[in-house]
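>>> the following comprises the amino acid sequence and a computationally predicted model.
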Amino acid sequence: MLGLMQNWPLTVDKIMDHAAINHGRREVVTRSVEGPIVRTTYADIHTRAKKVSNALLAEGIKLGDRVATLAWNSGRHMEIWYGAMGLGIVLHTLNPRLFPEQLVYIVNHAEDKIIFTDLTFLPILEALKDKLNPVQRYVVMTDKDHMPACSLKGAIDYESWIDSHGTDVTWGGFDENTAAGLCYTSGTTGNPKGVLYSHRSNVLHTLLTMQKDVMGLGARDVILPVVPMFHANAWGVALSAPAAGAKMVMPGAKMDGASIYELLETEHVTFSAAVPTVWMMLLQHLEATNSKLSTLKKVAIGGSAVPERIMRLFEEKYGVEVLHAWGMTETSPLGTLGSLGPDADTMTHDEKIKTKLKQGRPPFGVEIKILRDGVEAPRDGETFGNLVVRGAAIAAGYFKGEGGNILDKDGFFDTGDVATIDAAGFMQITDRAKDVIKSGGEWISSIDVENVAVGAPGVAVAAVIGKYHPKWDERPLLIIEPAKGASPSKEDILGYLDGKIAKWWMPDDVQFVEAIPLGATGKINKLALRETFANYELPTAKAS
Ligand code: ADP
């Protein structure tokens, strides 16, 4: 017997309709690429998004076609986002930090018909334009007065492009499983792969993020997503903020400590979300200028593990709650959050910090488990294995079938992360599966060794990779980028590690480099490091 409730397809146009009707005067404030702070509202974004829809139709773009943005977080980016998705056109967010050849690959693979670009990225596109075959037109996200001379095909400024179009257009009305957005993983192994979000998965992920122990945004919140919309929908904020009626503050191209601080204070931001490196810059600015945070209550930090120093400074010195989040492009992206449970009432402050440094628990809507040789590992906080995940907003496959079948027989996706889960359900990442060092059948966590090594005096960045060893299969090699002006020795570093990590985890050697390479999302690029050290042989390997 079927239920007798209404069929209300879960499509994202309903989010912007809701925001315009119920929170129409709520502001979206942008530090524009042109310079000034620009203020708009959900009602205006709704109106202008409808003009975008009509302009797209006039270009011959239809349901299922892909259009791309190469853009910072901004009010205009929101208009394009909803204007495209409302018609079932797939909005593909391009990550400008990708290598040029990856951008070329992605645009061709996605068959993007239009690229909307911020002024910032014109030089990149001008250099690549002859290789971006499917693109029929470039729309530059500015107005006529700021439009530079430009050799891109059909180039037109955004304001002129939407100007002549009306607002009469119908959104939605298609299957809720229709594709809504496309976001490529940065491709640390092989070519980038496209994660194709559906309307339904985006709406369910939005509801999931609105749970109190997830982001829990409300109509009185002012959210500053530093995390870009090209990074898994700004961790869903591009959808959850209008759904909640929260005011949005968009940082545009400026993410340095002083610029973010200015917006936090002048716009009375209550909540913000970013990767650890951004918070490091803000905290350095606060320390250097002896400034306070007067309205900020909470920060979500993810993308890589939150260093304890950042957690403690926010919570202990600035009175800001830290919400540690784990996820990936494939998980829409929120997978687990470090919100504490009822047992926090009996925890000491240090115990709370220790728990919050773990990657956290899945909200309702996400299932996780740890597999060791295909068998579920105990939830004892110690046994580590492959982290697998299942849920309504988790990828079932990549665009155009790249990578083949990515689900196991029970429908779980292997995240490529290695983790533990404790008795309370808190997950802790110990490594990436491809980075874990397999020494004599046991696993060494490269991240754990790096986290300790980075605390050694004179160390700026530390990275650990596994190198061949005839007896143990692999042993750890520690690579150090010294801090400016410092020149620590191998003995200094090993002396510092001694006693802080298990004896058999001690690196077999330490090598020094001028700079440790970072990938497109600011994480250590181990692939590049492995290439650099491809011909390197461990002294212990030679000896045995
Ligand atoms: P890519 O996989 O291409 O680097 P993503 O942005 O999807 O791009 O990165 C997801 C990965 O980032 C996760 O699988 C995990 O390894 C890492 N990650 C994300 N959040 C955290 C976190 N809080 N702590 C540790 N690692 C994290």
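Received, thanks.
>>> residues in contact with the spatially most central residue of the chain?
The centroid of the chain falls nearest to H231 when counting by Cα atoms, centre = their mean (4.2 Å). By Cβ atoms under 8 Å, 6 or more residues apart in numbering, H231 lies in contact with N95, G303, T329, P333, T521. For glycine as for every other residue, the C-beta is placed from the backbone atoms N, C-alpha and C.
>>> pLDDT check: weakest of the residues you listed?
Lowest pLDDT within these is found at T521 (66).
>>> bridged to T336, which residues?
Beta bridges link T336 to W326 when assigned by DSSP bridges.
>>> could you verify my assumption that L323 touches V299?
Yes. Counting by Cβ atoms under 8 Å, L323 does reach V299; the two are 6.8 Å apart.
>>> of these two, give the one with the bigger neighbour count.
V299 (28 against 21; other Cβ atoms under 10 Å).
>>> where's that one, which helix or strand?
strand 298-302 (DSSP states H and E).
>>> pLDDT of that strand, averaged?
97.
>>> and that strand, is it in reach of the ligand?
Yes. Strand 298-302 reaches the ligand (Cβ under 6 Å from any ligand atom) through G302.
>>> ok, residues contacting that strand?
215, 235, 270-276, 279, 310, 314, 320-327, 333.
>>> residues near the single nearest residue of the stretch 51-200 of the chain relative to the ligand, how many?
Closest contact between the stretch 51-200 of the chain and the ligand, by Cβ to the nearest ligand atom, is at S186 (3.6 Å). S186 has 19 neighbours, counted by other Cβ under 10 Å.
>>> for it, give its distance to F230.
Distance of S186 to F230, computed by Cβ to Cβ, to the nearest Å: 11 Å.
>>> alpha carbons of stretch 518-529, as CSV, please.
Extracted C-alpha coordinates of stretch 518-529, given in CSV (Å, rounded to 0.1, in the frame of the first residue of the first chain):
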residue,chain,number,x,y,z
LEU,A,518,51.0,21.4,-2.7
GLY,A,519,48.1,20.3,-4.9
ALA,A,520,45.1,22.2,-6.2
THR,A,521,43.3,22.1,-2.9
GLY,A,522,46.2,23.1,-0.8
LYS,A,523,47.1,19.6,0.4
ILE,A,524,50.6,18.0,0.2
ASN,A,525,51.1,16.6,-3.2
LYS,A,526,52.5,13.2,-2.4
LEU,A,527,52.4,12.1,-6.0
ALA,A,528,54.9,14.9,-6.9
LEU,A,529,57.0,14.0,-3.9
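>>> other residues contacting that stretch?
95, 97-99, 102, 186, 188-189, 231, 275, 277, 303-304, 432, 434-435, 450, 461, 463, 465, 479, 516-517.
>>> what do you get for stretch 475-487?
By Cβ under 8 Å, 6+ apart, stretch 475-487 touches 437, 439, 444, 446, 449, 453, 457-467, 469, 488, 493, 505-516, 529, 533, 536, 538, 540-541.
>>> how about 7 Å then?
Applying Cβ atoms under 7 Å, 6 or more residues apart in numbering, the external contacts of stretch 475-487 come out as 437, 439, 444, 446, 449, 453, 458-467, 469, 488, 493, 505, 507-513, 515-516, 529, 533, 538, 540.
>>> among those, which lie within strands?
437, 439, 444, 459-467, 469, 509-512 (DSSP state E).
>>> and V135, what helix or strand is that in?
Here V135 is assigned to no helix or strand, by DSSP H and E.
>>> residue contacts, it?
V107, D112, K113, I114, I115, K153 are the contacts of V135 under Cβ under 7 Å, 6+ apart.
>>> which residues of the stretch 301-450 of the chain fall in strands?
With strands called from DSSP state E, counting those that start in this stretch, the stretch 301-450 of the chain shows them at 321-327, 334-337, 366-372, 375-376, 385-391, 413-421, 427-432, 437-439, 442-444.
>>> let me have the ones you listed in CSV, extended by distance to M16 and mean pLDDT.
As requested, the strands of the stretch 301-450 of the chain are exported to CSV (distance: least, Cβ to Cβ, whole Å; pLDDT from 0 to 100):
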stretch, distance to M16, mean pLDDT
strand 321-327, 24, 98
strand 334-337, 21, 98
strand 366-372, 25, 97
strand 375-376, 41, 97
strand 385-391, 24, 97
strand 413-421, 29, 96
strand 427-432, 33, 92
strand 437-439, 48, 90
strand 442-444, 46, 85
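>>> any idea how far apart the tips of stretch 113-124 sit?
17 Å (Cα to Cα, to the nearest Å).
>>> next one: stretch 525-539
24 Å.
>>> and that stretch, how far out from the chain middle?
Put simply, stretch 525-539 sits 27 Å off its chain's centre (Cα atoms, centre = their mean, to the nearest Å).
>>> before we move on, what about stretch 201-210?
With Cα atoms, centre = their mean, you get 16 Å for stretch 201-210.
>>> contacts for that stretch next, please.
Outside stretch 201-210, the residues touching it (Cβ under 7 Å, 6+ apart) are 10-12, 15, 180-181, 214-217, 236, 239-240, 243-244, 332, 334, 363, 365, 392-393.
>>> just the CA coordinates for it, please, in PDB.
Provided in PDB are the C-alpha atoms of stretch 201-210 (Å, rounded to 0.1, in the frame of the first residue of the first chain):
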ATOM      1  CA  SER A 201      20.900  14.500  -3.600                       C
ATOM      2  CA  ASN A 202      21.500  18.200  -3.300                       C
ATOM      3  CA  VAL A 203      18.200  18.800  -1.500                       C
ATOM      4  CA  LEU A 204      18.700  15.800   0.800                       C
ATOM      5  CA  HIS A 205      22.200  17.000   1.600                       C
ATOM      6  CA  THR A 206      20.900  20.500   2.300                       C
ATOM      7  CA  LEU A 207      18.400  19.100   4.800                       C
ATOM      8  CA  LEU A 208      21.200  17.000   6.300                       C
ATOM      9  CA  THR A 209      23.500  20.000   6.800                       C
ATOM     10  CA  MET A 210      20.700  21.900   8.500                       C
END
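>>> get me the contact residues on this structure for the ligand.
Residues of the chain lying near the ligand (Cβ under 6 Å from any ligand atom): 185-186, 188, 302-305, 324-329, 359, 415-417, 429, 432, 521, 523.
>>> name the residues of stretch 461-473 that are buried.
Buried positions in stretch 461-473, judged by neighbour count with 16 or more other Cβ atoms under 10 Å: V461, A462, A463, V464, I465, G466, K467, H469, W472.
>>> before we move on, the earlier item: pick the most deeply packed of the strands of the stretch 301-450 of the chain.
Most buried of the strands of the stretch 301-450 of the chain, by mean neighbour count (mean count of other Cβ atoms under 10 Å): strand 334-337, with a mean of 27.
>>> got the contact list for the longest helix along the chain?
Longest among the helix segments of the chain by residue count, using DSSP state H, is helix 42-58. Contact with helix 42-58 is made by 16, 19-20, 23-26, 28, 67, 75, 78-80, 82-84, 86-87, 89, 161-162, 165-167, 169, 242, as judged by Cβ under 7 Å, 6+ apart.
>>> try stretch 315-322
Residues contacting stretch 315-322 (Cβ under 7 Å, 6+ apart): L286, L293, L296, K297, K298, V299, I301, V306, M311, F314, K356.
>>> okay, how far is it across that stretch, tip to tip?
End-to-end distance (Cα to Cα), stretch 315-322: 7 Å.
>>> for it, buried residues please.
Neighbour count says stretch 315-322 has E315, V320, V322 buried, by 16+ other Cβ under 10 Å.
>>> could you do stretch 145-156 as well?
M147, C150, L152, A155, I156.
>>> do stretch 345-365 as well
K352, I353, T355, K356, L357, K358, Q359, G360, R361, P362, P363, G365.
>>> confirm that H285 lies within a strand, as I assumed.
No. Counting by DSSP: H, G, I helix; E, B strand; the rest coil, H285 is not found in a strand; it is helix.
>>> what's I114 sitting at in phi/psi?
phi -130, psi 140 (degrees, to the nearest 10).
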